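K.L.:
Please find the sequence and the predicted model below.
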Amino acid sequence: MYLWAREKGGYSTKRARKLAENMTHESVKSIAIIRHGAIGDLVVTRPLILELREIFPYAKLTLSLVDHYQYGAPIDLVDRVHIVHKKKNGRKTTFFERIKEMQCLGEHDIVMDLADDALSMWTVLLNKAKLKMGFPHREYRRLLFNIVLPRSDFVLETENMLHFASVFGARAFHPLRYGLPAYTREMQKPYVSYFTSASTQHKCWPKNHFVELIRKMAIQYPTYMHMIMDGVKADEKVDDMINTLKDCPNVCKQQVLALDKVYEYLGKASMVVSNDTGVRNMAVAVNTPTVGIFFATGAYRYWPRDGQHEAVFTPNATVPEVKMVFEACVAHLNQLYLKEEMK
């Protein structure tokens with residue numbers, strides 16, 4: 001088996017290349033993927049798992065998670081789920097308890113560390129594998145791996161994940177595959193969906209900006225419903241926004257949905273407008289056009305450049321004005337439906 005990571009962009013050790021020479025794609029029986037992160041991080045891992053299924057047809061795949069980051073994990077695509085608990089029964093676990101759980105990952109032909117955090121570092125260290133892969137930011141962590149890949153802030157995060165399969169010659173299918181159902185847009189009562197929250201408060205575009213944007217959009221597109229998605233946490237509730245927009249008859253609240261219903265709901269939307277958040281990644285995964293608002297995180301890592309998605313950001317990473325976001329939404333929606341009419 002040939003390893004394509006050999007030069008400046010990514011490297012493999014001589015020992016790794018020698019080990020790989022005695023392996024074939026068919027002989028690889030076990031792969032572990034370590035991925036810690038919120039739902040957006042888990043969603044963008046799906047194309048990699050599908051690629052690994054293609055190139056390693058007989059490998060059993062294990063997905064290693066932490067207990068508080070399981071929502072939306074691609075467990076439907078793997079054979080086994082391994083979990084390290086930071087808390088159990090409301091009690092913080094001890095370091096030795098975590099070590100024991102980390103060791104349960106077991107021995108594999110290939111281990112891929114997609115997390116690059118302290119927990120994943122220990123998990124890699126405590127388990128055996130012929131090939132250990134990672135993209136460590138800290139130099140000393142490179143010692144844990146015999147295949148090291150770069151990770152760019154200017155490449156789509158999903159593409160960064162796919163590099164772990166490209167090392168072994170995977171073709172990396174495009175358009176990207178997420179292994180989710182294909183939904184048909186709602187045409188009788190089309191709707192634009194808005195999600196105003198994010199994983200942390202500093203990623204959230206101001207609520208009053210969203211209110212002004214949604215009012216403008218409701219006037220600009222009176223035949224569309226404009227649905228504001230309610231969140232689970234107290235600071236994600238949108239009742240105050242709905243009350244402010246009560247004079248707009250085509251603005252409604254979308255109640256919290258179960259995970260499978262969220263994908264369906266997003267998949268039928270005409271467009272999704274949101275902060276840098278997992279909901280936007282979910283919309284991308286079901287091929288729904290999006291407009292993302294970026295200022296606290298880099299836009300390039302989360303912006304698929306396929307014409308279906310737009311990113312609004314300023315060169316100096318300041319908070320975009322409502323006018324800027326509104327004009328982007330109008331241009332994007334008009335362009336999308338102009339394409340539809342020309343088909």
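P.N.:
Yes, it's here. Numbers count the residues shown, from 1 in each chain.
K.L.:
In the stretch 101-250 of the chain, what residue spans correspond to helices?
P.N.:
Applying DSSP state H, counting those that start in this stretch to the stretch 101-250 of the chain gives helices spanning 118-125, 157-166, 207-220, 239-244.
K.L.:
So which of those is the most surrounded?
P.N.:
helix 157-166 (a mean of 22; mean count of other CB atoms under 10 Å). (Glycine included, C-beta is placed from N, CA and C.)
K.L.:
Now do that one: distance to the chain's middle.
P.N.:
Counting by CA atoms, centre = their mean, to the nearest Å, helix 157-166 is centred 12 Å from the centre of its parent chain.
K.L.:
which non-adjacent residue is nearest Q255?
P.N.:
Excluding the flanking residues, the one nearest Q255 by CB to CB, 6 or more residues apart in numbering is D230, at 5.7 Å.
K.L.:
List the residues that contact the one you found.
P.N.:
For D230, the contact set (CB atoms under 8 Å, 6 or more residues apart in numbering) comprises 236-238, 253-256.
K.L.:
I'd assumed K216 was in contact with V273.
P.N.:
No: in this structure V273 lies outside contact range of K216 using CB atoms under 8 Å: 11.6 Å.
K.L.:
Quick check: strands, which of the contacts of D230 are part of them?
P.N.:
Under the assignment DSSP state E, the contacts of D230 contribute 253-254 to strands.
K.L.:
can you map out the strands along the stretch 101-250 of the chain?
P.N.:
Along the stretch 101-250 of the chain, counting by DSSP state E, counting those that start in this stretch, strands occupy 108-113, 129-134, 147-148, 191-195, 225-229.
K.L.:
what packs against the third one?
P.N.:
Read that as strand 147-148. Counting contacts by 3 or more CB pairs under 8 Å, 6 or more residues apart in numbering; DSSP states H and E, strand 147-148 packs against strand 11-12, strand 129-134.
K.L.:
6 Å - rerun?
P.N.:
Other helices and strands packing on strand 147-148, by 3 or more CB pairs under 6 Å, 6 or more residues apart in numbering; DSSP states H and E, are absent; none qualifies.
K.L.:
Neighbouring strands - and their directions - for that strand?
P.N.:
Next to strand 147-148 in the sheet, as set by DSSP bridges, lie strand 11-12 (antiparallel), strand 129-134 (parallel).
K.L.:
just to revisit the earlier point, just put the contacts of D230 in CSV and tack on pLDDT, neighbour count and distance to N127.
P.N.:
Below are those laid out as CSV (pLDDT from 0 to 100; neighbours: other CB atoms under 10 Å; distance: CB to CB, whole Å):
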residue, pLDDT, neighbour count, distance to N127
E236, 88, 15, 37
K237, 93, 16, 42
V238, 95, 22, 44
K253, 97, 15, 46
Q254, 96, 18, 43
Q255, 95, 8, 43
V256, 93, 13, 38
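K.L.:
Now do the same for A258: its pLDDT.
P.N.:
Note for A258: predicted pLDDT of 89.
K.L.:
now do the one 4 residues further on
P.N.:
Note for V262: predicted pLDDT of 95.
K.L.:
How far does the helix or strand containing it sit from its chain's centre?
P.N.:
Using DSSP states H and E, V262 sits within helix 259-268. Mean-position distance between helix 259-268 and its chain equals 15 Å (CA atoms, centre = their mean).
K.L.:
so it versus strand 225-229, what angle?
P.N.:
Relative orientation of helix 259-268 and strand 225-229, computed by axes from the mean of the first three to the mean of the last three CA atoms, to 10 degrees: 150 degrees.
K.L.:
List the buried residues in helix 259-268.
P.N.:
262-263, 265-268 (16 or more other CB atoms under 10 Å).
K.L.:
So which elements touch the very next helix or strand once past it?
P.N.:
Counting by DSSP H and E, the element after helix 259-268 in chain order, helix or strand, is strand 271-275. Contacts defined by 3+ CB pairs under 6 Å, 6+ apart place strand 271-275 against strand 191-195, strand 290-293.
K.L.:
in its sheet, what does strand 271-275 sit against?
P.N.:
Per DSSP bridges, strand 271-275 is paired in its sheet with strand 191-195 (parallel), strand 290-293 (parallel).
K.L.:
got the contact list for whatever helix or strand comes next after it?
P.N.:
The helix or strand immediately downstream of strand 271-275 is helix 278-285, counting by DSSP H and E. Contacts of helix 278-285 with the rest of the structure, by CB atoms under 6 Å, 6 or more residues apart in numbering, involve 38-40, 43-44, 178, 180, 195, 266, 272, 274, 290, 292, 304.
K.L.:
what do you get for stretch 262-272?
P.N.:
The contact list for stretch 262-272, computed with CB under 6 Å, 6+ apart, reads 183, 185-186, 190-193, 257, 282-283, 286, 288-290, 333.
K.L.:
Alpha carbons of the host helix or strand of E54, as CSV, please.
P.N.:
Using DSSP H and E, the element containing E54 is helix 46-55. The C-alpha coordinates for helix 46-55 follow below in CSV (Å, rounded to 0.1, in the frame of the first residue of the first chain):
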residue,chain,number,x,y,z
ARG,A,46,-19.1,12.1,7.5
PRO,A,47,-17.5,12.4,4.0
LEU,A,48,-14.2,11.0,5.4
ILE,A,49,-15.9,8.0,6.9
LEU,A,50,-17.7,7.3,3.6
GLU,A,51,-14.3,7.5,1.8
LEU,A,52,-12.7,5.1,4.2
ARG,A,53,-15.5,2.6,3.6
GLU,A,54,-14.7,2.8,-0.1
ILE,A,55,-11.0,2.4,0.0
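K.L.:
No further questions, thank you.
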